[in-house]
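Any chance you could fold what I've pasted below:
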Amino acid sequence: MSVVKSTLPDQALRVTGGALQETLVDLLGLSLMGKQAHWNIVGPRFRSIHLQLDEVVATARAYSDTVAERAAALGVPPDGRPETVAAAFSLPGAKDGWLRDDEVVDLMVRTLEAAIGRLRERIAATDEPDPVTQDLLISITADLEKQRWMFAAENN
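Numbers count the residues shown, from 1 in each chain. This next block holds a predicted model:
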């Protein structure tokens, strides 16, 4: 069943829809992981990192909505159900319990690097099939690279 007919040819829609769904899962998982770290961080840099985690979560949540709406606009039903995210999320995640501030910084650098790497693959994959989606993925990448830079600077 397709409620919305895509303006893209079938093959382009498959590539683009897959890229959008994978990005949606990454962003929803990133927002949950960021909140987990936000609630459990301890250490002398608690406040600054606690607030920085909120920025990552807000960015991930805002883009997840944009990504889901892009998929829907193309006729691809976005799947952000908890069981879908739990089954498909493959970025580094937070461990259980309290997290030292230095652990959180390392975790966020690794997680954001992984997300950025996956986004760059999707940027390449959507170049021909859908430059509009590619442009969205480029914007997300730029914002996540900024967040990664801010966390990486905490290690210096």
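
In terms of pLDDT, where does the residue nearest the centre of the chain sit?
Computing the C-alpha centroid of the chain and ranking residues by CA atoms, centre = their mean puts L27 first, at 2.6 Å. For L27, the model assigns a pLDDT of 98.

now do M1
M1 carries a pLDDT score of 53 in this model.

Okay, strands next: where are they in the protein?
For the chain, the strands defined by DSSP state E occupy 41-42, 99-100.

outside of the last one, which residues touch it?
Pointing back at strand 99-100 there. Here strand 99-100 makes contact (CB atoms under 8 Å, 6 or more residues apart in numbering) with 37, 40-43, 107. The way it works is simple: take the backbone N, C-alpha and C, and place the C-beta from them, glycine included.

Just the mean pLDDT for it, thanks.
pLDDT averaged over strand 99-100 gives 98.

Just the buried residues of the top helix by length along the chain, please?
The longest helix of the chain (DSSP state H) is helix 10-40. The neighbour-count criterion (16 or more other CB atoms under 10 Å) identifies 12-13, 15-17, 19-38, 40 as the buried residues of helix 10-40.

Which strands or helices does it pack on?
Under the contact criterion of 3 or more CB pairs under 8 Å, 6 or more residues apart in numbering; DSSP states H and E, helix 10-40 touches helix 46-73, helix 82-88, helix 101-125, helix 131-153.

okay, those in TSV with mean neighbour count and distance to V4 next?
As requested, the helices and strands packed on helix 10-40 are exported to TSV (neighbours: other CB atoms under 10 Å; distance: least, CB to CB, whole Å):
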stretch	mean neighbour count	distance to V4
helix 46-73	18	7
helix 82-88	12	20
helix 101-125	19	21
helix 131-153	17	15
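
Would you reformat those helices as CSV and include distance to K5?
Listed next are those as CSV, based on distance: least, CB to CB, whole Å:
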stretch, distance to K5
helix 46-73, 11
helix 82-88, 24
helix 101-125, 23
helix 131-153, 16
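
Stretch 79-99: end-to-end distance?
Criterion CA to CA, to the nearest Å; first-to-last residue distance in stretch 79-99 is 30 Å.
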